[in-house]
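J.: only geometry, no sequence info:
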């Protein structure tokens, strides 16, 4: 609809330019997700929550090669599944996977804002209340409202039927619950390892 309107009122060149910008921005977004996923694999490997091999870097470039290979292999599997099933690479593969990722990121940001309040609950370290209480709570509340709106109108993002949208959203709370269960189990059975979480310097190889 947007491209048709642009072609009608601004000309074919403007519409072609918009399509080119859409492709380049989609590539940039995909690359950002790839780097982010690689970073998570690497950090979880360093924390020994995933195989330690994922938390290693190469001697020459200091890059997390194992994490990059794993993420690239997963992406390749998704691309192959798209080709074999004949699905549209943009309206299905790209939009469906990225929309789920966007909701997940928003959820993580809301939880991170809430974690700020918990971290400074006992000791504000001389920081004002608006900075460590009011602002994080406002951010968390705003993100929570946006999350509800996004989930209620998820079909506008995916252009998919209700069953598909439900299948795209359900894994998020399930993965969150699984992560919480793993953390609680680790705290109960290996308190030393639990205390080391997030203390590993991921910038050092």
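T.: Received, thanks. It should be emphasised that the depicted structure is a prediction, and the values quoted were computed from it without experimental measurement.
J.: From residue 10, how far out is residue 167?
T.: To residue 10, residue 167 is 38 Å away according to Cβ to Cβ, to the nearest Å. In this view, the C-beta of every residue, glycine as well, is placed from N, C-alpha and C.
J.: Could you do residue 21 as well?
T.: For residue 21 relative to residue 10 (Cβ to Cβ), the value is 13 Å.
J.: can you check residue 172 too?
T.: With distances taken as Cβ to Cβ, residue 172 is found 39 Å from residue 10.
J.: ranges for the helices of the chain?
T.: Ranges of helices in the chain, per DSSP state H, are 2-9, 12-46, 65-85, 95-119, 129, 135-152, 154-158, 162-169, 171-189, 191-196.
J.: now these in CSV, with mean neighbour count, distance to residue 52 and mean pLDDT?
T.: Formatted as CSV, those follow (neighbours: other Cβ atoms under 10 Å; distance: least, Cβ to Cβ, whole Å; pLDDT from 0 to 100):
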stretch, mean neighbour count, distance to residue 52, mean pLDDT
helix 2-9, 12, 47, 75
helix 12-46, 14, 6, 87
helix 65-85, 14, 9, 94
helix 95-119, 16, 24, 90
helix 129, 10, 42, 90
helix 135-152, 14, 34, 95
helix 154-158, 15, 37, 89
helix 162-169, 14, 32, 92
helix 171-189, 12, 15, 92
helix 191-196, 11, 13, 83
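J.: would you turn the ones you listed into a markdown table with distance to residue 55?
T.: Shown next, in a markdown table, are the helices of the chain (distance: least, Cβ to Cβ, whole Å):
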| stretch | distance to residue 55 |
| --- | --- |
| helix 2-9 | 43 |
| helix 12-46 | 3 |
| helix 65-85 | 8 |
| helix 95-119 | 20 |
| helix 129 | 38 |
| helix 135-152 | 30 |
| helix 154-158 | 34 |
| helix 162-169 | 29 |
| helix 171-189 | 16 |
| helix 191-196 | 13 |
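J.: Please identify which of the ones you listed is closest to residue 56.
T.: With distances scored as Cβ to Cβ, the stretch of the helices of the chain nearest to residue 56 is helix 65-85 (5.9 Å).
J.: Which residues does that closest one contact?
T.: Here helix 65-85 makes contact (Cβ atoms under 8 Å, 6 or more residues apart in numbering) with 34, 37-39, 41-42, 45, 53-58, 87, 89, 92-93, 97.
J.: redo that, cut-off 7 Å
T.: Under the criterion Cβ atoms under 7 Å, 6 or more residues apart in numbering, residues 34, 37-38, 41-42, 45, 53-54, 56, 58, 89, 93, 97 lie in contact with helix 65-85.
J.: got the angle between that helix and helix 12-46?
T.: Angle, helix 65-85 to helix 12-46, by axes from the mean of the first three to the mean of the last three Cα atoms, to 10 degrees: 130 degrees.
J.: Per-residue pLDDT of residue 205, please?
T.: If you check residue 205, the pLDDT there is 48.
J.: no wait, residue 89
T.: pLDDT, the model's per-residue confidence, is 86 for residue 89.
J.: For it, which residues are in contact?
T.: Per Cβ under 7 Å, 6+ apart, neighbours of residue 89: residue 82.
J.: now swap in residue 107 and tell me
T.: 147, 172.
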